Each structure stands twice: as structure tokens, then as C-alpha cells.
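Student: Mind folding the following:
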Amino acid sequence: MNLHIKNDSGFLALAVRMVIGWTYFSAFFRRTILANKLDPELPGYIGEKFNHFLPNALGIKPIIQYLVENPDILYYNMVAFTIIEGIVGLFIIFGLFTRLMSIGVFGLAMGILLGSGWIGTTCLDEWQIGVLGIATGFLLFLTGSGRVSLDNYLMNRNVAFTKKKWFAWLGSGLMPIKDSLFAKVVIVGSFLIFGLTLYTNQVFHGGVWGTLHNKSVKPKLEITEGKLDKNGLSFDVFRVEGVDVYGAWIIGIELKNDQNNVVMNYTQDQLAKLPKEAIENYYIAKVKPGKHSLIAPLGAKAKMIFNSSDILKLPSGTYTLKMTDISGASWEHRIIK
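Tutor: Numbers count the residues shown, from 1 in each chain. Okay, here's the model as predicted:
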């Protein structure tokens, strides 16, 4: 190997380019070829998985909430997102317009990091994917593609547009900036990305100082907006933590008065048979009756409504609502009538 090849940074980054390219193209491949994950009516719809990001997203939570509250807009965005991933991944693999596609890698990875960097049951999966994608996108922008790439092929063939100044910024080849400035871009960019890595590691997982935490291990529900009035009992339940690949299984909902007497008790069999009108879902991920319990997927939020005659007859006072998961975990909410 001669000195020119050794100094060809784009060529040296070939393995990184291939792997990161496949990482993004495979997302498109999985959702369209191996399985249909773009159909809202089928299990595994990517929009529902996107909904899982909502509870603890960093900075982009309002965008995610808007999308999951508007299923039609969410669908078009999921299709566009998947197509972009496919194009970016394929172009990166073949080394075509490498620097432009590296910006795509950077942006997609940033979205993954901010949206789902908190998810991961064993090894902080989504956070690692996000920060490594950002670093890789930055690296490929600096190096471009080397010998084994379509950019290089087009440049060697002296295709007209490869001689334009913009191609060095969007394709490959030597970047038209001074060495001293280039060095500053490398150093500043690298430390900014390292800072982002430390910051998100701390925010999502307490990985830099303090107590480590993982919001993907145990289910957690938030109960809000509890009301007891002439229309019965109503409250909002929001699943904000726990494993993203299956729901929390609610096996009990009870209401106690201020003497600690149970005045309402729904067992798991009753919850499994709740009528549709008892649940008003806000998002694409839905709280719904399962075979043996009430199921609350990660990111799902719903208004629960109970209006049996016994509830309508309850006197004024302070009540405590309790929801119990099959794991034994429970959550309470005070309601004043």
C-alpha cells in the first residue's frame, strides 16, 4: 500500500461507511420488504413505536406529541422518514454525495438521540445508537468517500459537476478550506459532540455523576385529572416508563373513601372486558382491554370513565384512586368530590 492510499481518509473510513450505511438502509428494508411496518392497521406499525418515545423525549417532545395526536400527519411523516433513511443509507454505502448524506446521518441520529435516547433495557441501546450515529456522521462529513465509492469514480471520470466547488462540500474530495481552519473544525466539532454525549448520558441515565437510573426497566403510570361528579369517575392515565416492547398489565383499579373503605373495585377480569366507551385514547398507542387485564403500552395516554350506579351515588368527600400492575407496582391519585 502506497503513501497516497494510507493518507486517503475516506478510504480508511470504508468499514464505518458500510456499517452506518446499512444501519440506516436496513431500517427501510425491514419496514417495507421484510415486514409491513408502515400500515397503521397492522401490529408493529412504526407510528406506535414512535409514540413510545414521547414520555421522556428531550427538546422535541412537542413535535412528537403533535404527530401522535394527528395520526394522518404522523403516517406521512413515518413514510417520509423511512424513505429518507433508505436513501441516506444506500447512498452512504455506495459513497455517492457522501458529505450531503453524512448530514442526513447526523440529523437522523440526532432525532434518535433526543427522541429515544432514554430507552434501553440492558445497555442503553437507543442512546448508544444516537451518539455513535452523530459522531459517525461528523466523521464521514470530514473524510468524504475514498477509493471505493461512486464519488471517486465520478471524479476520476472527470464528470463536469465534480469540478464544481459545491461538490467538494456535498460529495467527496479535499474540502476547500485552509488546513488551520479545518483543524479547528475537527477539534471544536469533536468536543461539542463529546459534550453532547456526556450531557445526554447524564440527563437520560445519570451516567456521569450521581445515581444511575434506567427508565426502561419498570413500568410507571401517571394518574391525573381525577374527577368525581354527576357523570361518574374519570381520570387520565399516562404510561411514562418501562419496557417499550410490551405494555403494563393493569390487574386492579380501586377507589377508597377517606375511611379507607373500598367503594369501587375492578378486578383484572372486569378490566379485560371494559367497553370501548370507558376508554378515550389521546394518542396512536392505545390503552385497551387485553385477554387477562387492561394493557397500557409505553407512551399511551387515555381518559378512563366509570359511571356505574354505585359510583354515581357516592357522597362528597376525599377519595383515593389506586391502579395496580401485575408486577405488584401500584400508583395512587387523590380525588375530591
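Student: mind giving me the domain ranges of the protein?
Tutor: The record's domain parsing of the chain by automatic domain parsing lists 3-205, 220-336.
Student: I'd like to know which of the ones you listed is closest to residue 214.
Tutor: domain 3-205 (6.4 Å; Cβ to Cβ). Where C-beta positions appear, they are placed from N, C-alpha and C, glycine not excepted.
Student: Put together JSON lines for the domains of the chain, with mean neighbour count on each row.
Tutor: JSON lines is the format used below for these (neighbours: other Cβ atoms under 10 Å):
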{"stretch": "domain 3-205", "mean neighbour count": "17"}
{"stretch": "domain 220-336", "mean neighbour count": "17"}
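Student: and those domains as CSV, adding mean pLDDT?
Tutor: Shown next, in CSV, are the domains of the chain (pLDDT from 0 to 100):
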stretch, mean pLDDT
domain 3-205, 94
domain 220-336, 94
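Student: Let me have those in JSON lines, extended by distance to residue 211.
Tutor: Output for these, formatted as JSON lines (distance: least, Cβ to Cβ, whole Å):
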{"stretch": "domain 3-205", "distance to residue 211": "10"}
{"stretch": "domain 220-336", "distance to residue 211": "16"}
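Student: Look up how far residue 70 lies from residue 122.
Tutor: Remark: distance between residue 122 and residue 70 (Cβ to Cβ, to the nearest Å) = 33 Å.
Student: Also residue 89?
Tutor: 27 Å.
Student: quick one: the strands in the stretch 151-300 of the chain?
Tutor: Under the criterion DSSP state E, counting those that start in this stretch, strands of the stretch 151-300 of the chain are mapped to 220-229, 232-241, 248-256, 262-267, 279-281, 288-289, 294-296.
Student: partners of the fourth one, with directions?
Tutor: What it means is strand 262-267. As defined by DSSP bridges, the strand partners of strand 262-267 come to strand 248-256 (antiparallel).
Student: Could you tell me the angle between the partner strand and strand 232-241?
Tutor: 140 degrees (axes from the mean of the first three to the mean of the last three Cα atoms, to 10 degrees).
Student: Nearest to residue 136, out of the strands of the stretch 151-300 of the chain?
Tutor: strand 232-241 (29.2 Å).
Student: Strand 220-229 and that closest one, what's the angle between them?
Tutor: 170 degrees.
Student: Run the chain-centre distance for strand 232-241.
Tutor: 22 Å (Cα atoms, centre = their mean, to the nearest Å).
Student: who does residue 250 bridge with?
Tutor: Residues in beta-bridge contact with residue 250 (DSSP bridges): residue 294, residue 325.
Student: ranges for the helices of the protein?
Tutor: 3-6, 9-12, 14-29, 46-52, 61-69, 71-94, 98-116, 125-143, 150-156, 165-170, 179-205, 268-271, 309-312 (DSSP state H).
Student: any residues touching the fifth one, and which ones?
Tutor: By Cβ atoms under 8 Å, 6 or more residues apart in numbering, the surrounding residues in contact with helix 61-69 are 47, 50-51, 53-54, 57, 73-74, 77, 115, 282-285, 299.
Student: could you redo the last one with a cut-off of 10 Å?
Tutor: Residues from elsewhere that reach helix 61-69 (Cβ atoms under 10 Å, 6 or more residues apart in numbering): 47-48, 50-55, 57, 73-78, 111, 114-116, 282-285, 299-301.
Student: now the angle from that helix to helix 71-94?
Tutor: 120 degrees.
Student: so helix 61-69 versus helix 98-116, what angle?
Tutor: Using the same axes, to 10 degrees, helix 61-69 lies at 80 degrees relative to helix 98-116.
Student: How far does helix 61-69 sit from its chain's centre?
Tutor: 12 Å.
Student: how far does stretch 164-179 stretch from start to finish?
Tutor: Terminal residues of stretch 164-179 are spaced 20 Å apart (Cα to Cα, to the nearest Å).
Student: So what's the gap between that stretch and the chain middle?
Tutor: With Cα atoms, centre = their mean, you get 34 Å for stretch 164-179.
Student: give me every residue that touches the residue nearest to residue 168 when sequence neighbours are not counted.
Tutor: Among residues not flanking residue 168 along the chain, residue 176 sits closest, at 5.3 Å (Cβ to Cβ, 6 or more residues apart in numbering). Neighbouring residues of residue 176 by Cβ under 10 Å, 6+ apart: 165, 166, 168, 169.
Student: distance of the second one from residue 157?
Tutor: Note on residue 166: its distance to residue 157, by Cβ to Cβ, is 18 Å.
Student: wait, residue 270 sits on residue 252?
Tutor: Yes: using Cβ atoms under 10 Å, residue 270 makes contact with residue 252 at a distance of 9.3 Å.
Student: okay, and the common contacts of the two?
Tutor: In contact with both residue 270 and residue 252: 293, 294, using Cβ under 10 Å, 6+ apart.
Student: which strand residues sit across from the residue lying closest to residue 277 once chain neighbours are set aside in the sheet?
Tutor: Spatial nearest neighbour of residue 277, excluding adjacent residues (Cβ to Cβ, 6+ apart): residue 305 at 7.1 Å. When assigned by DSSP bridges, residue 305 has beta-bridge partners residue 234.
Student: thinking residue 305 is in contact with residue 280, fair?
Tutor: Yes: using Cβ under 10 Å, residue 305 is in contact with residue 280, at 7.0 Å.
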